[in-house]
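Peer 1: Just the structure for this:
(chains A and B)
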There are 2 protein chains.
Amino acid sequence: MSGFGEATAVERVGDGRYEVDLDAGYAIGEALNGGYLMAVLGRAAVDASPHAHPVSTAANFHRVAKAGPAQVIVDVRKTGRTAASALVTLVQNDSPVVDALVTTGTLDASAEPAYAGAAPATPVPPLDACTEFRPPSGGGFADTVDMRFDRTTMGWLDGQPTGSPEIRAWFRHHDGYEIDAYSLALAVDALPPVALNLGAQGWAPTVELTWHMRAVPAPGWLAVHGTGRLLAGGWFDEEVEVWDTAGRLVAQSRQIARVPRTRP
Amino acid sequence: MSGFGEATAVERVGDGRYEVDLDAGYAIGEALNGGYLMAVLGRAAVDASPHAHPVSTAANFHRVAKAGPAQVIVDVRKTGRTAASALVTLVQNDSPVVDALVTTGTLDASAEPAYAGAAPATPVPPLDACTEFRPPSGGGFADTVDMRFDRTTMGWLDGQPTGSPEIRAWFRHHDGYEIDAYSLALAVDALPPVALNLGAQGWAPTVELTWHMRAVPAPGWLAVHGTGRLLAGGWFDEEVEVWDTAGRLVAQSRQIARVPRTRP
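Peer 2: Below is the predicted model:
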């Protein structure tokens, strides 16, 4: 393991207790990315389970996590033949930072879908037509995650929000780590908030994010499609679908977040 | 309170501890409906919170709940000015039945959305063009919840699944209880599984369901739109949007469930 693998590694130190050294490479400003934290929690959940994949993760984000030592506590709630469930908590400085209900299962990489809905109406443009966006703060997340954005969804960058809550991008790891289940946790929370295209200003803290792993991803770039349905009273939702190079829906998520301010 | 109000009432018996008498009126067969259980958990979460509404609920369903006495335990994880979060557990016969991460907040009933996406492409037909479906088992859920279904989405009933994972219906309480936040918890899990229109057979147990309350609902019928994206390896997702008579998106959910068997 290297790069993303090391950055998300958990060390078992007791029954349902893990130590982790959270990696500054996944920070945006000082705050660690929520998808990165979900990847860490997923590793601990799978380690404590008889199953191979984090099939469903529902996370509540209470506080900002920072780089450095933290603990993960896995409280197994149910173990079944096809699925197991645990409450998995990230603790830093003796406070719960993220609580997640994680359901583990084992997906069959060769399973053919009995039904698959249509791919998103607008595909991500070819890589060479996309743009690399590096936030002004630089470093951290932008150095570890390689994303190429559909320019038509990046109007907010130039102070011209498109008015449509959509952002699309290609995603892979800069370090060459091969896309796996934990990459999907990162991918579903890697886009800038789609509400930026509605004039949202400043940080948009995620309150809750649920994601489901739907298939074992094929190697290569992931196509990440972000949309939203409603921004009202300072709350907005963001849905993300992740498709792999084999044309399969490999992850789907919805988060609800706070938008402190919007520009009229 | 009467009917649904009484059926979901929780009695505080200690710090974060509640007693509830689960109502057979919300059973489908012997198993109590998951939306009904989420309504009960939501009441306890709001009681233990400074906020008025169950804004976000992420529930893991471990075991079947049956009518009769049960306990609700609310473990407050974070209390903030705009939102609070708790782990809320339904316990029956000393076993955890449902774990839910519930975020409470207070929605402003008069807030105008800054952005609202389009209504679902296919509306629910007028009430008098819809059909009342009462499952063969009868009683329970079908006597307490008044639902009128879009006939074009009910092919599965006659052994002719439509091939499209969609079910649409109107929803209200039979007892005249006025639609509120807790009604929404019920509405997002009230449809028959959309996978029935893909040839799914038998019971489809929900593993995880997350729903968000997006607005305070207006009185009157709710329009409930169920869809799905993928059925693979025995796992399927179901998305539900609930719209009120004022034409607002009042709730959105996604669940992931198991489909033991599908007909070729």
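
Peer 1: How about whichever helix or strand A:Phe171 is part of and chain B, any contact?
Peer 2: Using DSSP states H and E, A:Phe171 sits within strand A:167-173. No - Strand A:167-173 lies out of reach of chain B by CB under 8 Å from any CB of the partner chain, never closer than 14.2 Å. All C-beta spots, glycine's among them, are computed from the backbone N, C-alpha and C.

Peer 1: State the next helix or strand along the chain beyond that strand.
Peer 2: Per DSSP H and E, the first helix or strand lying C-terminal to strand A:167-173 is helix A:181-187.

Peer 1: Which strands or helices does that following helix pack on?
Peer 2: helix A:4-7, helix A:34-47, strand A:53-61, strand A:167-173, strand A:206-213, strand A:222-227, strand A:235-243, strand A:249-258 (3 or more CB pairs under 8 Å, 6 or more residues apart in numbering or on different chains; DSSP states H and E).

Peer 1: what's in contact with the helix or strand hosting A:Ile73?
Peer 2: Using DSSP H and E, A:Ile73 sits within strand A:68-79. Under the criterion CB atoms under 8 Å, 6 or more residues apart in numbering or on different chains, residues A:10, A:16-22, A:40-41, A:44-45, A:47-50, A:84-92, A:97, A:101, B:60, B:62-63, B:96, B:99 lie in contact with strand A:68-79.

Peer 1: ChimeraX command to pick out the buried ones of the residues you listed?
Peer 2: Here is the ChimeraX command that selects the buried residues among the contacts of strand A:68-79 (16 or more other CB atoms under 10 Å in any protein chain shown):
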select /A:10,16,17,18,20,22,40,41,44,45,48,49,84,85,86,87,88,89,90,92,97,101 /B:60,62,63,96,99
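
Peer 1: Just send the helices and strands packed on helix A:181-187 back as a markdown table, with mean pLDDT and distance to B:Leu186 too.
Peer 2: Formatted as a markdown table, those follow (pLDDT from 0 to 100; distance: least, CB to CB, whole Å):
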| stretch | mean pLDDT | distance to B:Leu186 |
| --- | --- | --- |
| helix A:4-7 | 97 | 41 |
| helix A:34-47 | 98 | 29 |
| strand A:53-61 | 98 | 20 |
| strand A:167-173 | 98 | 34 |
| strand A:206-213 | 98 | 19 |
| strand A:222-227 | 98 | 27 |
| strand A:235-243 | 98 | 20 |
| strand A:249-258 | 98 | 20 |
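
Peer 1: so can I have JSON lines of the ones you listed showing distance to B:Gly105?
Peer 2: As requested, the helices and strands packed on helix A:181-187 are exported to JSON lines (distance: least, CB to CB, whole Å):
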{"stretch": "helix A:4-7", "distance to B:Gly105": "33"}
{"stretch": "helix A:34-47", "distance to B:Gly105": "19"}
{"stretch": "strand A:53-61", "distance to B:Gly105": "13"}
{"stretch": "strand A:167-173", "distance to B:Gly105": "25"}
{"stretch": "strand A:206-213", "distance to B:Gly105": "8"}
{"stretch": "strand A:222-227", "distance to B:Gly105": "23"}
{"stretch": "strand A:235-243", "distance to B:Gly105": "8"}
{"stretch": "strand A:249-258", "distance to B:Gly105": "9"}
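
Peer 1: Quick one: closest of these to A:Leu184.
Peer 2: strand A:249-258 (4.1 Å; CB to CB).

Peer 1: tell me the angle the closest one makes with strand A:222-227.
Peer 2: 40 degrees (axes from the mean of the first three to the mean of the last three CA atoms, to 10 degrees).

Peer 1: Pull the contacting residues for A:Ala52.
Peer 2: Contacts of A:Ala52 by CB under 8 Å, 6+ apart are A:46, A:104-107.

Peer 1: Look up the residues forming beta bridges with the residue in chain A that chain B sits nearest to.
Peer 2: Residue nearest to chain B within chain A (CB to the nearest CB): A:Ala58, separated by 3.4 Å. Taking DSSP bridges as the rule, A:Ala58 bridges to A:Leu101, A:Thr210.

Peer 1: I'd like to know how many residues surround it.
Peer 2: Number of residues near A:Ala58 (other CB atoms under 10 Å in any protein chain shown) recorded here: 26.

Peer 1: on that earlier part again, only the C-alpha atoms, please, for the strand holding A:Phe171, written as CSV.
Peer 2: Extracted in CSV, the C-alpha atoms of strand A:167-173 (Å, rounded to 0.1, in the frame of the first residue of the first chain):
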residue,chain,number,x,y,z
ILE,A,167,-20.9,19.7,-11.5
ARG,A,168,-19.3,16.8,-13.4
ALA,A,169,-15.7,15.5,-13.3
TRP,A,170,-13.3,12.7,-13.9
PHE,A,171,-11.6,11.3,-10.8
ARG,A,172,-8.6,9.2,-10.0
HIS,A,173,-5.8,9.2,-7.4
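
Peer 1: List the pairing partners of that strand within its sheet, with orientation.
Peer 2: Counting by DSSP bridges, strand A:167-173 is paired with strand A:145-149 (antiparallel), strand A:222-227 (antiparallel).

Peer 1: hmm, back to that, the strand holding A:Ile73 to helix A:34-47, inter-axis angle?
Peer 2: Counting by the same axes, to 10 degrees, strand A:68-79 lies at 50 degrees to helix A:34-47.

Peer 1: just to revisit the earlier point, which one of the strands paired with strand A:167-173 is the most hemmed in?
Peer 2: The highest average neighbour count among those, using mean count of other CB atoms under 10 Å in any protein chain shown, belongs to strand A:222-227 at a mean of 23.
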